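*Asks:* sequence first, then the predicted structure, then my questions.
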Amino acid sequence: MIEFALLVFVWPLCVILAPVIAWSKGRSGCSFAILAVLFGPLAVLASMIVSPDPEIKIRKGLASGKLVRCVWCREPVHLDAAVCPHCQRDNP
């Protein structure tokens with residue numbers, strides 16, 4: 001009876017939760033959905049443990065105007081930075 005409840009209630013919940021958590025961290029929701037179908041609760045745990053995608057933070061910073069691209073090396077730097085921390089050149 002416990003196995004039936006696990007398959008009917010918990011497993012579909014895991015298939016929904018794992019990709020939502022992964023997507024919120026900038027990871028592929030589709031791959032975590034496949035993992036959830038195969039491994040259930042372990043995929044939810046994996047999606048909670050996985051680190052956020054650092055590129056998402058950069059894109060959000062560029063979109064909000066807090067970061068700009070360096071004119072010389074095209075790396076993201078803070079808007080008020082006088083010198084690029086990557087190439088050490090002056091920012092206009």
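*Replies:* Great, that's in hand. Numbers count the residues shown, from 1 in each chain.
*Asks:* list the contacts of C70.
*Replies:* Listed by C-beta atoms under 8 Å, 6 or more residues apart in numbering, the contact set of C70 reads 76-77, 84, 86-87, 89, 91. From N, CA and C alone the C-beta is placed, and that goes for glycine too.
*Asks:* need those residues in JSON lines (columns: distance to S28 and secondary structure).
*Replies:* Shown next, in JSON lines, are the contacts of C70 (distance: C-beta to C-beta, whole Å; DSSP: H, G, I helix; E, B strand; the rest coil):
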{"residue": "P76", "distance to S28": "23", "secondary structure": "strand"}
{"residue": "V77", "distance to S28": "28", "secondary structure": "strand"}
{"residue": "C84", "distance to S28": "32", "secondary structure": "coil"}
{"residue": "H86", "distance to S28": "28", "secondary structure": "coil"}
{"residue": "C87", "distance to S28": "32", "secondary structure": "coil"}
{"residue": "R89", "distance to S28": "36", "secondary structure": "coil"}
{"residue": "N91", "distance to S28": "34", "secondary structure": "coil"}
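*Asks:* V20 is in contact with A33, isn't it?
*Replies:* No: taking C-beta atoms under 8 Å as the definition, V20 is not a contact partner of A33, at 9.4 Å.
*Asks:* more neighbours: these two, which one.
*Replies:* A33 (20 against 13; other C-beta atoms under 10 Å).
*Asks:* where along the protein do the strands fall?
*Replies:* With DSSP state E as the criterion, the chain has strands at 67-69, 76-78.
*Asks:* tabulate these (a markdown table), appending mean pLDDT.
*Replies:* What follows is the strands of the chain, written out as a markdown table (pLDDT from 0 to 100):
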| stretch | mean pLDDT |
| --- | --- |
| strand 67-69 | 92 |
| strand 76-78 | 92 |
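*Asks:* format those strands as a markdown table; extra columns: distance to K57 and mean neighbour count.
*Replies:* Rendered in a markdown table, the data for the strands of the chain read as follows (distance: least, C-beta to C-beta, whole Å; neighbours: other C-beta atoms under 10 Å):
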| stretch | distance to K57 | mean neighbour count |
| --- | --- | --- |
| strand 67-69 | 9 | 16 |
| strand 76-78 | 9 | 16 |
